[in-house]
Every structure is written in C-alpha cells, then in structure tokens.
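Engineer: Attaching a predicted model along with its sequence, questions to come.
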Amino acid sequence: MKIIDAHLHFSDIASFHKTALDISNIDYSSKGLKKEFEESNIILGIGMGLTEKEREGFPDSLSNNPMNLDLEQDIPKSLVYCLGINPERLKGEEKELQIQEIKNKLEDERVVGLKIYAGYYPYYVYDKIYHPIYKLAAEHDLPVVIHTGDTYSERGLLKYSHPLAIDELAVRFRNVNFVMAHFGDPWIMDAAEIILKNSNVYADLSGLLVGDAKQVDRFMNEPLFVDHIKRGLVYTDNYFKFMFGTDWPLVQINPYIEFVKKLVPKEFHDYVFYKNAIKIFPRIKNILPLEK
Ligand SMILES: [Zn+2]
C-alpha cells in the first residue's frame with residue numbers, strides 16, 4: 001500500500017531533537033527520514049513548517065513568517081510542506097511585510113498548505129489576527145492545518161487548542177478547508193462532532209502516541225486507549241475526512257502505521273493512508289508524478 005504521511009516535522013527544534021534521542025529512538029535527519037520512508041512505503045510526507053530562534057524557545061514569538069523546514073539545508077524530495085504562521089509578528093508595522101513574505105513563499109509548488117499552532121501561540125483560531133491567513137488560503141485553494149488538543153510544551157495554553165474553537169472558524173470561513181491535527185486528542189468526541197457538523201473540517205491522526213515501537217505496542221494493546229479514539233471515528237462515520245500522519249520524529253513510523261491500521265476499518269485504508277491527502281491538499285497532485 002502506498003502511503004502519504006500527512007503530518008511530520010523537519011525543523012531544527014530542540015524538543016524534537018531531545019525526543020528523537022531519548023524517547024522515540026529516531027535518527028532525526030534526512031538520512032533517518034529516508035530510511036523510515038523506504039521501510040514503510042511512504043512516498044510523500046507533509047512537513048509542518050516551524051522554527052525557533054532560541055533553544056527551548058518553541059513557541060517562539062520572534063520567528064519570521066513564514067516558518068519553514070530548516071532541519072537541514074536540503075529538504076528531501078519526498079517532502080512537501082505547510083508554511084508555519086507566527087501570529088506575534090502579524091501585527092503592528094511589520095504586518096504587511098510579513099504577509100508579503102508568506103505570499104512570496106506560496107509560489108513554491110512544494111508548499112501545499114498553511115499551519116497554525118493554536119495553543120502554542122495564545123490566540124483563538126478565529127481571532128482577527130489570523131484573518132489575512134484565511135484569505136490567502138481561500139485565494140490559493142490551500143487547506144489550513146491547525147494544531148488541536150494537548151500541547152507538546154508546558155508553555156502552551158489548552159483553551160486555545162480545544163477543538164470547539166474550530167467550529168466558529170469553520171462557520172465563518174466556509175470557503176476554506178481546515179485540518180484538525182491530532183484529531184483534537186484528548187477531546188476526541190468534541191473534535192468528532194466538529195468534523196461531523198462542518199463539511200469543511202477534516203482531521204489527521206498524527207501524534208496520538210509518542211515513543212518507540214515498544215511504547216506504541218503498549219498503548220495499541222490497551223483497549224481503553226484504542227477505544228477512546230475509535231469512538232470518535234465511529235461517531236463521525238466518515239473515513240473520507242481522516243488522514244494518516246505520524247508527527248515524526250515523535251514516533252517511529254512503522255509501528256505507528258500498525259496502530260492506525262487498527263483504528264480504521266480495512267476497506268478505508270486506501271483512503272486514510274493515501275487518497276484523502278491528495279484530495280485535501282490539492283497541490284499534491286502536481287508533485288506526485290515526480291515521486292515515481
Ligand atoms: Zn506536529
């Protein structure tokens with residue numbers, strides 16, 4: 001089965017390096033990524049743009065817009081990406097310049113979406129500060145991926161990453177498609193309702209577990225853990241709205257594929273692991289023939 005990983009990272013972030021080393025046991029480099037992609041038949045990954053200026057600084061208020069993939073100078077050919085947005089620099093005198101920088105980067109055909117770090121940056125997703133971003137998304141037919149659920153930093157504020165905030169956004173911007181990263185976990189049922197209600201809201205199944213094969217194995221054999229996610233999927237009853245993603249380097253890819261296979265009925269694997277991503281990120285269509 002061909003697979004697209006719809007959510008991973010390839011940025012020089014201290015906490016990602018640390019997790020790769022201490023928790024998930026991953027070679028967080030282009031070499032390590034290529035190896036895991038080959039072993040799991042992943043033909044394309046979607047990286048979430050992110051940068052930090054100071055060590056342990058993420059979420060970083062100083063980062064320039066847009067935030068890109070900066071782990072290594074050469075980005076692997078098997079990666080496309082979403083431009084990360086730093087709202088702290090979308091105000092005051094520099095606002096127009098920062099938006100122009102984002103616009104310029106949209107010319108790059110490997111940019112397939114935009115990414116908002118709700119919960120990391122202290123703004124509700126429907127805040128005016130983000131409106132120019134949604135306007136750009138609508139003009140360029142790009143989905144906006146939004147972090148939802150638990151934050152991978154104690155400095156995050158959960159009220160901003162709760163899935164319920166996406167409802168107001170989805171209603172206000174009906175002409176933009178939104179992807180709730182991590183299915184809102186642990187607020188899976190809230191996320192499921194937002195997805196069921198709004199035709200323009202989707203989700204990725206990345207980052208539901210962090211760790212190595214042993215850790216993934218432990219949780220995927222814990223019925224209460226698996227059922228809590230499955231309940232949301234069953235409630236939504238629409239496997240065309242979900243995409244496989246890992247949140248690499250926070251978790252090893254192969255074990256995570258086995259975990260997501262367990263969550264999704266077999267007849268929909270092709271959609272969740274591959275086809276849905278091409279539909280939700282329309283620009284992928286222009287890239288894919290290059291990967292053959
Ligand atoms: Zn992520």
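Structural biologist: All right, it came through fine.
Engineer: Need the pLDDT of the residue lying farthest from the centre of the chain.
Structural biologist: In terms of distance from the mean C-alpha position of the chain, residue 93 ranks first, at 29.8 Å (Cα atoms, centre = their mean). Residue 93 is assigned a predicted lDDT (pLDDT) of 94.
Engineer: Equivalent analysis for residue 291, please.
Structural biologist: 48.
Engineer: Ok, residue 88 next?
Structural biologist: For residue 88, pLDDT reads 95.
Engineer: And residue 54, by the same measure?
Structural biologist: On the pLDDT scale, residue 54 gets 74.
Engineer: Same check on residue 74?
Structural biologist: Confidence for residue 74, expressed as pLDDT, is 88.
Engineer: what's the distance between the longest helix anywhere in the chain and the middle of its chain?
Structural biologist: When the chain is parsed with DSSP state H, its longest helix is helix 223-236. Taking Cα atoms, centre = their mean, to the nearest Å, one finds the center of helix 223-236 at 20 Å from the center of the full chain.
Engineer: Backbone dihedrals for the closest residue to residue 120 other than its chain neighbours, please?
Structural biologist: Sequence neighbours aside, residue 59 is the residue nearest to residue 120 in space, at 3.6 Å (criterion: Cβ to Cβ, 6 or more residues apart in numbering). Any C-beta I mention is one placed from the backbone N, CA and C, and that applies to glycine too. Here is the backbone geometry of residue 59 (degrees, to the nearest 10): phi -80, psi 130.
Engineer: Quick check: residue 59 vs residue 150, distance?
Structural biologist: 14 Å (Cβ to Cβ, to the nearest Å).
Engineer: Also residue 233?
Structural biologist: 18 Å.
Engineer: go on, residue 61?
Structural biologist: In terms of Cβ to Cβ, residue 61 sits 21 Å off from residue 150.
Engineer: circling back: which residues sit in contact with the residue nearest to residue 120?
Structural biologist: Neighbouring residues of residue 59 by Cβ atoms under 8 Å, 6 or more residues apart in numbering: 117, 120-121, 153, 155-156.
Engineer: could you pull out the strands for this protein?
Structural biologist: 3-8, 42-48, 79-85, 111-116, 144-147, 178-181, 201-204, 242-243 (DSSP state E).
Engineer: re the thing from before, neighbour count winner among residue 233 and residue 150?
Structural biologist: Taking other Cβ atoms under 10 Å, residue 233 and residue 150 do not tie; residue 233 has more neighbours (23 against 18).
Engineer: Sketch out the low-pLDDT regions of the stretch 151-292 of the chain for me.
Structural biologist: 289-292 (pLDDT under 70).
Engineer: Roughly how far does residue 92 sit from residue 129?
Structural biologist: Distance from residue 92 to residue 129, by Cβ to Cβ: 11 Å.
Engineer: more crowded one of the two?
Structural biologist: Counted by other Cβ under 10 Å, residue 92 and residue 129 do not tie: residue 129 has more neighbours, with 17 against 9.
Engineer: Now do the contacts for the closest residue to the more buried one other than its chain neighbours.
Structural biologist: Once flanking residues are discounted, residue 129 sits nearest to residue 87: 4.8 Å by Cβ to Cβ, 6+ apart. Contacts here follow Cβ under 8 Å, 6+ apart; on that basis residue 87 touches 116, 121, 123, 127, 129-130.
Engineer: Wait, residue 25 touches residue 210, no?
Structural biologist: No: counting by Cβ atoms under 8 Å, residue 25 sits too far from residue 210 to count as a contact (11.5 Å).
Engineer: Which one of the two is surrounded by more residues?
Structural biologist: residue 210 (18 against 15).
Engineer: The more buried one and residue 252 touch, don't they?
Structural biologist: No: the pair residue 210 / residue 252 is not scored as a contact, 10.2 Å apart, by Cβ under 8 Å.
Engineer: Give me the common contacts of these two.
Structural biologist: In contact with both residue 210 and residue 252: residue 24, using Cβ under 8 Å, 6+ apart.
Engineer: burial count for residue 265?
Structural biologist: Residue 265: 11 neighbours (other Cβ under 10 Å).
Engineer: coming back round to it: if I look at the residue nearest to residue 129, how far off is residue 54?
Structural biologist: 18 Å.
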